[in-house]
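[1] Structure, please.
(2 chains)
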Amino acid sequence: GENVEQHPSTLSVQEGDSAVIKCTYSDSASNYFPWYKQELGKGPQLIIDIRSNVGEKKDQRIAVTLNKTAKHFSLHITETQPEDSAVYFCAASINQGAQKLVFGQGTRLTINP
Amino acid sequence: DVKVTQSSRYLVKRTGEKVFLECVQDMDHENMFWYRQDPGLGLRLIYFSYDVKMKEKGDIPEGYSVSREKKERFSLILESASTNQTSMYLCASSSFGFNQPQHFGDGTRLSIL
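    Residues are numbered from 1 along each chain as shown, chains lettered A, B, ... in the order given. Just a heads-up that it's a prediction; the model follows:
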């Protein structure tokens, strides 16, 4: 089955700097890659996703890139702000049935003022 | 906005008890999911359901069962709770179709003593 590896497990950056979180997946049939943000005491919330027919997608300060050949995808956050501090999860899915997601291990991002 | 409500934020039970975790969604979603979240392991899928009375095993179903008698409600059952089931449990729902985002509840932190 699918396996998703996420790095780093913790990341600390200065406010205003950029943050990058990377994920690799094992199943070449995976074709949907969402990213979730989990704030303290809350459930994960979708922040951006990308389909396998797209190489990059941007939404304001966040962007996701996908390299299908290498089977990895990354989340980029620019001009980081204190409210970006959270745990981020990547996931991968195959478009079948109920579309099960396989999640990475999570990255705890801390933005230092 | 989609709302996924989990009946308890915190729950403490004893070893051997039968435990019920309840989840309700208000968006008429076909798909519902139960995950457990443990540090360093990300979110792991326990069971999911794509229709009323239908259920499928996820990646870690052992020791759990589920019930979906109504479309909006998905229950997770620990038949005989054990200490290794102490964890954060997250419920999610999504609509039918490809690349549909999953919407999460805020979780139930379950402690088995």
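[2] C-alpha from now on. contacts and neighbour counts both.
    Noted.
[3] So which bits of chain B are right by chain A?
    Counting by Cα under 8 Å from any Cα of the partner chain, chain B comes close to chain A at B:31, B:39-45, B:49-50, B:90, B:96-99, B:101-107.
[4] Quick check: strands, which of those residues are part of them?
    Judged by DSSP state E, the subset of the residues of chain B next to chain A located in strands is B:Asn31, B:Gly42, B:Leu43, B:Arg44, B:Leu45, B:Ser49, B:Leu90, B:His103, B:Phe104.
[5] which ones are touching B:Met32?
    B:Phe48, B:Ser49, B:Tyr50, B:Phe74, B:Cys91, B:Ala92, B:Ser93, B:Ser94 (Cα atoms under 8 Å, 6 or more residues apart in numbering or on different chains).
[6] how about the nearest residue to it, chain neighbours excluded?
    B:Ser93 (4.2 Å; Cα to Cα, 6 or more residues apart in numbering or on different chains).
[7] next one: B:Thr83
    B:Thr83 sits nearest to B:Ile112 (Cα to Cα, 6+ apart), 5.0 Å away.
[8] So that neighbour versus B:Val12, what's the distance?
    6 Å (Cα to Cα, to the nearest Å).
[9] who's more crowded, the two?
    A count of neighbours by other Cα atoms under 10 Å in any protein chain shown puts B:Ile112 above the other of B:Ile112 and B:Val12, at 18 against 11.
[10] just the helices in chain B please.
    Ranges of helices in chain B, per DSSP state H: none exist.
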